[in-house]
Every structure is written in C-alpha cells, then in structure tokens.
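>>> What shape does this take:
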Amino acid sequence: MRYILFALSLSLTSAAFASEVKVGVKGMVCAFCAQGIEKKFKAQEEVDSINVSLENKFITIKYKDGKTLPQEKITQLLKDSGYEAVFEK
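Numbers count the residues shown, from 1 in each chain. Model prediction:
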C-alpha cells in the first residue's frame with residue numbers, strides 16, 4: 001500500500017509541475033508570426049525552450065526545472081502578440 005501511495009504522490013507532483021505544455025495558437029498564419037511568438041516566450045525566465053508548429057498552429061513550451069507559466073500568463077503573452085490561446089481540456 002505504501003508503494004501505491006508513493007507512486008501516486010509522484011504522479012501528482014509531476015502533473016502539478018509539468019515540464020512542458022502544448023497550446024494551440026489561433027491566428028498564427030506565417031513564419032513572421034511564429035518568430036514573434038518564439039521571441040516573446042524565450043524572453044520569459046521560466047521557459048527553457050519553445051517549439052512553434054506553424055503547420056499545426058500550436059506551440060510546445062518546455063520549462064526550466066521547477067518552473068512553469070500560469071495559463072493566464074500564456075494567454076496574456078499570446079494576446080499581447082495578437083493571437084488567441086487554445087488550451088486542450
């Protein structure tokens with residue numbers, strides 16, 4: 001039983017501090033758009049790297065160890081750049 005609780009606590013901890021997040025980007029249509037989004041997110045201290053998929057219209061943000069960006073911050077960064085964030089449910 002202890003092993004089950006330990007495994008459960010590890011999975012909950014890793015879910016709370018996801019190392020990456022995938023976000024849809026509504027309105028991203030060109031390479032210039034993708035480059036601007038990449039630059040905006042790379043400037044955030046929590047972000048280790050970002051992959052922008054122009055073809056699929058989403059970004060994958062990889063965080064530095066122990067860091068994350070709240071969903072509201074991601075939404076605001078995209079909104080400030082002229083795009084809409086679409087989060088998976």
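>>> how about the strands of the protein, start to end?
Along the chain, the segments classed as strands by DSSP state E run 20-26, 47-53, 58-63, 84-86.
>>> wait, which of the ones you listed is closest to residue 32?
strand 47-53 (11.4 Å; CB to CB). The C-beta positions use only the backbone N, C-alpha and C, and glycine is treated the same way.
>>> Dump the strands of the chain to JSON lines, plus mean neighbour count and distance to residue 72.
Formatted as JSON lines, the entries for the strands of the chain read as follows, by neighbours: other CB atoms under 10 Å; distance: least, CB to CB, whole Å:
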{"stretch": "strand 20-26", "mean neighbour count": "16", "distance to residue 72": "12"}
{"stretch": "strand 47-53", "mean neighbour count": "16", "distance to residue 72": "16"}
{"stretch": "strand 58-63", "mean neighbour count": "18", "distance to residue 72": "14"}
{"stretch": "strand 84-86", "mean neighbour count": "14", "distance to residue 72": "10"}
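>>> just so I know, which of these lies nearest residue 36?
Evaluated with CB to CB, the strands of the chain place strand 47-53 nearest to residue 36, the distance being 9.6 Å.
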